[in-house]
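> Need the 3D shape of this:
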Amino acid sequence: MLAISVIFYLFTTILIGAVASRFVSDSKDYVLAGRRLPLFLASSALFATWFGSETLLGASSRFVEDGILGVIEDPFGAALCLFLVGLFFARPLYRMNILTFGDFYKNRFGRRAEILSSVFMIPSYFGWIAAQFVALGIIFHSLADIPVSTGIIAGAGVVLIYTVTGGMWAISLTDFLQTVLIVLGLSYLVWDLSSKAGGIEKILASTKPGFFRFFPEMNAKSIFAYIAAWMTIGLGSIPQQDIFQRVMASKSEKVAVYSSLLGSFFYLSVAFLPLIAVLCARKIYPEIAKEDAQMILPKTVLTHTGLFTQILFFGALLSAVMSTASGAILASASVLGENVIRPFFKKTSERTLLRLFRLSVIAITLVSLSMANTKSNIYELVSQASALSLVSLFIPLVAGLFRKNSTSTGAIFSMIVGFCTWFLCNILSLEIPASIPGLISSWIALYLGDWMEHRGYIQKSQ
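Numbering: from 1, shown residues only. Take a look at the predicted model:
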């Protein structure tokens, strides 16, 4: 019965994608849903973008091991990102009426900056998407006892079908359905497990001292790690196409702002449900917690709950993972098609452009699929994805929006120097997280490039 319910859910998702394809008549419909999303669809889309495998499986496993300090990056950093987008970035970006973040860098800093930003942006999604595919593999392995690698391929296939057919319309409609399932499924699971454990108060009281500590120890290593955890997704995911796409898909500037703020609040609230659930599971069934930490919730639900709880949980889990995967695939494919491939064609009809975006979706999916089969730690895959955009794209974005005298040379210097510093620090395995020197060097390089161009030492980049 559980397997039948999952198959029915997957079929329904594909059907929604097919129906949504009827709303797609041009590239704007495909990438931004025609900029017609109302508040409830835009908010659920922003929430579902983030609420994926890293929250349900990755963050919950870290929470069991390290407490609150283990999940600063997600969900706290992710909620911070959405809040900052709504507070500072949604309004000026929406007014630009552009298709991708690459268009922003092109309009503000020129073609070279567009290409360079796309080169950094697209690979940053591979780890993010791969993490969702790994989660799908884990889910199907738990349900049908098939190899994880086979489950990864099957899950990727389903996500690909409805994303390539319906684009942003399909993602927005399925995100709303998936958000409802996530809230219902996780709420019921927490109620079920906490009842068996004797109440949430007992669960919280059974944790080790310092488990709910919010601030780090007062030493340099802990403080730097804490700062990096807040920054990685909190700042690093701001210059990402998936967030931008949902902001731009809103039907008005006001909706773009409010949906980001609502998404932030909703995300932080709902994200605590799987964290509480995994604490309950560890308390009731400690033998499961000794195995793979990422499998605590799926195994607990499968072996110690009734069919109704299983259907709700796995419906919520599939919803979270698939919504995140589809949004990330479309986001990176949009940048690939619009900012990397399209400029090579002098004239592109809407029909050709739509075909180009759909082929880009397929290409991104295949690359991420290959990555998913070589690395299986969900939290690590997501961290790498956000750190890349943090050190290369965040500073040029802020400068381009809020600093009038920023130059194309400064932006290009910032991207290259930030990335190179981050890459080198990772190789050297320094005590300090590589994202911190990467971000600082990106900021310094921006001002250095601006100064050199203003002084005439370097001609303006085109």
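
> C-alpha only now, for contacts and for neighbours.
OK.

> What helices and strands are in contact with the host helix or strand of Leu173?
Using DSSP states H and E, the element containing Leu173 is helix 148-197. Using 3 or more Cα pairs under 8 Å, 6 or more residues apart in numbering; DSSP states H and E, the elements in contact with helix 148-197 are helix 2-20, helix 27-32, helix 39-50, helix 111-144, helix 200-205, helix 253-284, helix 307-335, helix 350-372.

> So Leu430 lies in a helix, does it not?
No. Counting by DSSP: H, G, I helix; E, B strand; the rest coil, Leu430 is not found in a helix; it is coil.

> Now do it: how many residues are near it, please.
By other Cα atoms under 10 Å, the residues close to Leu430 number 10.

> you'd agree Gly410 is up against Leu446?
Yes. In this structure Gly410 lies within contact range of Leu446 using Cα atoms under 8 Å: 4.1 Å.

> Could you name every residue contacting both of the two?
Common contacts of Gly410 and Leu446 (Cα atoms under 8 Å, 6 or more residues apart in numbering): Pro396.

> Contacts only, for the most centrally placed residue in the chain.
Residue closest to the average C-alpha location in the chain (Cα atoms, centre = their mean): Trp50, at 4.7 Å. By Cα under 8 Å, 6+ apart, the contact set of Trp50 is 78, 267, 324.

> cool, and Gln245?
So Gln245 contacts 31-32, 99-100, 331 (Cα under 8 Å, 6+ apart).

> Any figure for the gap between it and Ala156?
21 Å (Cα to Cα, to the nearest Å).

> tell me the domain boundaries of the protein?
Domain assignment for the chain by automatic domain parsing gives 2-380, 403-462.

> Adding mean pLDDT and distance to Pro433 as columns, could you present the helices and strands packed on helix 148-197 in TSV?
Shown next, in TSV, are the helices and strands packed on helix 148-197 (pLDDT from 0 to 100; distance: least, Cα to Cα, whole Å):
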stretch	mean pLDDT	distance to Pro433
helix 2-20	85	40
helix 27-32	90	35
helix 39-50	87	23
helix 111-144	87	18
helix 200-205	84	31
helix 253-284	91	25
helix 307-335	87	25
helix 350-372	91	24
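
> So which of the ones you listed is nearest Ile427?
Nearest of those to Ile427, taken as Cα to Cα: helix 111-144 at 18.0 Å.

> List the buried residues in the closest one.
Using 16 or more other Cα atoms under 10 Å as the test for burial, helix 111-144 gives 111-143.

> what angle sits between that helix and helix 148-197?
Put simply, helix 111-144 runs at 70 degrees to helix 148-197, going by axes from the mean of the first three to the mean of the last three Cα atoms, to 10 degrees.

> so how far is helix 111-144 from its chain's centroid?
Put simply, helix 111-144 sits 9 Å off its chain's centre (Cα atoms, centre = their mean, to the nearest Å).

> was I right about Leu2 contacting Ile311?
Yes. With contact defined as Cα under 8 Å, Leu2 reaches Ile311; the gap is 6.0 Å.

> Among these two, which residue is more densely surrounded?
Ile311 (20 against 17).

> do you know how far that one is from Phe51?
Ile311 is 19 Å from Phe51, by Cα to Cα.

> cool, Trp169 as well?
As judged by Cα to Cα, Trp169 and Phe51 stand 19 Å apart.

> With Leu37 instead?
Counting by Cα to Cα, the gap from Leu37 to Phe51 is 19 Å.

> Of the two, give the one with the bigger neighbour count.
Set Leu37 next to Phe51 and count neighbours by other Cα under 10 Å: Phe51 wins out with 27 against 24.

> which residue sits closest to the more buried one, ignoring its sequence neighbours?
Nearest non-adjacent residue to Phe51, counting by Cα to Cα, 6 or more residues apart in numbering: Ala320, 5.6 Å away.

> Who are the contact partners of the one you found?
Shown in contact with Ala320 (Cα under 8 Å, 6+ apart): 48, 51-53, 178-179, 182.

> go on, Met248?
By Cα under 8 Å, 6+ apart, the contact set of Met248 is 32, 35, 93-94, 97-99, 256.

> pLDDT wise, what is it at?
Listed pLDDT for Met248 reads 93.

> swap in Gly110?
pLDDT, read off for Gly110, is 94.

> and stretch 88-105, average pLDDT?
95.

> what's the straight distance from one end of it to the other?
End-to-end distance for stretch 88-105, by Cα to Cα: 18 Å.

> In that stretch, which residues are buried?
Buried residues in stretch 88-105, counting neighbours by 16+ other Cα under 10 Å, are found at 89-91, 93-94, 98-105.

> Pipe those residues into a markdown table and attach secondary structure and distance to Phe63 per row.
Listed next are the buried residues of stretch 88-105 as a markdown table, based on DSSP: H, G, I helix; E, B strand; the rest coil; distance: Cα to Cα, whole Å:
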| residue | secondary structure | distance to Phe63 |
| --- | --- | --- |
| Phe89 | helix | 30 |
| Ala90 | helix | 31 |
| Arg91 | helix | 35 |
| Leu93 | helix | 35 |
| Tyr94 | helix | 36 |
| Ile98 | coil | 39 |
| Leu99 | coil | 37 |
| Thr100 | coil | 35 |
| Phe101 | helix | 33 |
| Gly102 | helix | 36 |
| Asp103 | helix | 38 |
| Phe104 | helix | 37 |
| Tyr105 | helix | 37 |
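
> which residues does Lys196 contact?
Each residue near Lys196 by Cα under 8 Å, 6+ apart is listed here: Ile284.

> Kindly apply the preceding question to Pro298 instead.
Contacts for Pro298 (Cα under 8 Å, 6+ apart) come out as 139, 142, 314.

> Let me know the closest of these to Ala399.
Ile139 (42.1 Å).

> For that closest one, give me its contacts.
Neighbouring residues of Ile139 by Cα under 8 Å, 6+ apart: 151, 298, 314, 318.

> could you redo the last one with a cut-off of 10 Å?
133, 145-146, 148, 151-152, 155, 295, 298-299, 314, 317-318, 321 (Cα atoms under 10 Å, 6 or more residues apart in numbering).

> Restricted to buried residues, select the residues you listed in ChimeraX.
Here is the ChimeraX command that selects the buried residues among the contacts of Ile139 (16+ other Cα under 10 Å):
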select :133,148,151,152,155,295,298,299,314,317,318,321
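
> Turn the contacts of Ile139 into a markdown table, including distance to Leu41.
Output for the contacts of Ile139, formatted as a markdown table (distance: Cα to Cα, whole Å):
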| residue | distance to Leu41 |
| --- | --- |
| Phe133 | 24 |
| Asp145 | 35 |
| Ile146 | 35 |
| Val148 | 33 |
| Gly151 | 30 |
| Ile152 | 28 |
| Gly155 | 24 |
| Met295 | 31 |
| Pro298 | 29 |
| Lys299 | 32 |
| Phe314 | 23 |
| Leu317 | 20 |
| Leu318 | 19 |
| Val321 | 18 |
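
> ok, the contacts of Ile139 vs Tyr188, which is closest?
Closest approach to Tyr188 among the contacts of Ile139 (Cα to Cα): Phe314, at 12.0 Å.

> Distance check, that closest one against Trp191.
Distance, Phe314 to Trp191, by Cα to Cα: 16 Å.

> cool, Glu291 as well?
24 Å.

> Having no further points to raise, I will conclude here.
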